[in-house]
Structure formats: C-alpha cells, structure tokens
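Asks: Provided below for reference: sequence and predicted model.
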Amino acid sequence: MFQFIEDTPQYEPWNKGKLVGQKKPLKLKEIWAIRIRLQLAKSVRDLALFNMAIDSKLRACDLVSLRVSDVTHSGRVMSRATVMQQKTQRRVQFEITDQTQESTLQWIEANNLKSGDYLFSSRVQGSPHISTRQYSRIVQKWIDSIGLDPSAYATHSMRRTKAALIYRRTKNLRAVQLLLGHTKLESTIRYLGVEVDDALELAELTEA
C-alpha cells in the first residue's frame, strides 16, 4: 500500500496577518483632526487635496486626474462640479464646500495654475499629475498623523467618508447612490456596508 505524499509547495496566504476587506471611512472628528494638522503645517497642497477628496467622493484615479478647469469658472472655484468617471464612463456631480473652495483657490494661486493644468500636478519629472500610488502614500501619512491604524484605511476611505456620513444622517441610499455615481443601488449598499439592522429600520419607516 502506497502512501500519497503531498509534494505541492506550501505557499503562505497573501492576506495572512493583514487586515482585508472594506476600508473604514473617517469619522467627523477624524476629518477635522487631519484638516487642522494640515492647516497648522501650512500644507497648502495637501489641505486642498484632502478637502477635495472628501467633498468629491471620487475614486483615486478620477481625483488625481482633475484639471483646474473641472472645478473653476472665470477664476473662481465653483460650488458644484461635474466630471466623467474613468471606470464607468458616467458623469457624476459633486459639491465643493466653502472651505474646499478656499483651500483649492489658495493652491491654484500659490502655483499660478492655468485652466488646462492638472489641479494636483506632480513633482516627479515625467508625471503630469500625482499618481494614485503617490496619493495612497499621502493618505497613509494623513492617517498616521492622527494615530489611526494605517492598515485599516486607504484612498477608498476618502471616497467613502462623506457618503457614509450622509447615509448615517439621512438613511437615503438613493441620494448616496447618485453622489457616488453607482449604476445599481445594490452596489451602494455593499459599498456602504449597510447592516441588516439598517435595512430593517428603513423597511419599518416605509409604508407599502
């Protein structure tokens, strides 16, 4: 009787010891903790980038690809902007709050950016704008600066933050779906990590 000997190499799982799954959105107090640190550090670019990331709720690839003309008109930063999403090729509109308008205009004026320039130009030669990898490193720096676990957050945390705040305050999934540019409501539900209790609460408030 022969005994079968497994000779297949044993590979360590790629996610061993790593936190995987949906990345956390920031809480309101964490948003302000990062914002205040950037203001105190007089980090004009990072403050504009952070504020725009929170307001726009854009994916990293769309955020870093923004041009000055996407968010300005006649030398002023607009209160609303519309961009084409690279992933879905669907337009999505987002609000630009007063503080984001102010920090963005300061960044534009400090660097004498023109209408056709990328909003967040790269300091790396040969790269027209900051890359998604560079943006990821910047986000990790923000997270680390306020003592949070960097492995629990990523660029998608920036996209999810305001959407999660809006949902928690309003329970309006349709509104969040439109703001995120999702084609299906189910995608928004999964993206927000809506719990069963939330779904039941919505059902209880809805009369058929």
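Replies: Thanks, I have it. Residues are numbered from 1 along each chain as shown.
Asks: buried set for stretch 42-53?
Replies: 43, 44, 45, 46, 47, 48, 49, 50, 51, 52, 53 (16 or more other Cβ atoms under 10 Å). All C-beta atoms are positioned from the backbone trio N, CA, C, and that covers glycine.
Asks: Setting aside sequence neighbours, what's the nearest residue to the fourth one?
Replies: Which is residue 46. In this structure, residue 46 finds its nearest non-sequential neighbour in residue 38, 5.2 Å apart by Cβ to Cβ, 6 or more residues apart in numbering.
Asks: Toward the C-terminus, what is the element adjacent to the host helix or strand of the one you found?
Replies: Assigned by DSSP states H and E, residue 38 belongs to helix 28-40. Where DSSP H and E defines the elements, the next helix or strand beyond helix 28-40 is helix 44-56.
Asks: could you dump that next one to CSV, C-alpha only?
Replies: Coordinates of each C-alpha in helix 44-56 appear next as CSV, following Å, rounded to 0.1, in the frame of the first residue of the first chain:
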residue,chain,number,x,y,z
VAL,A,44,-1.5,74.1,1.0
ARG,A,45,-1.5,71.3,-1.5
ASP,A,46,-2.4,68.6,1.0
LEU,A,47,-5.1,70.6,2.5
ALA,A,48,-6.7,71.3,-0.9
LEU,A,49,-6.3,67.6,-1.8
PHE,A,50,-7.8,66.4,1.4
ASN,A,51,-10.8,68.7,1.2
MET,A,52,-11.4,67.9,-2.4
ALA,A,53,-11.2,64.2,-1.8
ILE,A,54,-13.8,64.4,1.0
ASP,A,55,-16.2,66.6,-0.9
SER,A,56,-15.9,65.0,-4.4
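Asks: Could you list every helix and strand that it packs against?
Replies: Judged by 3 or more Cβ pairs under 8 Å, 6 or more residues apart in numbering; DSSP states H and E, helix 44-56 is in contact with helix 28-40, helix 60-64, strand 91-95, helix 98-110, helix 132-145, helix 155-170.
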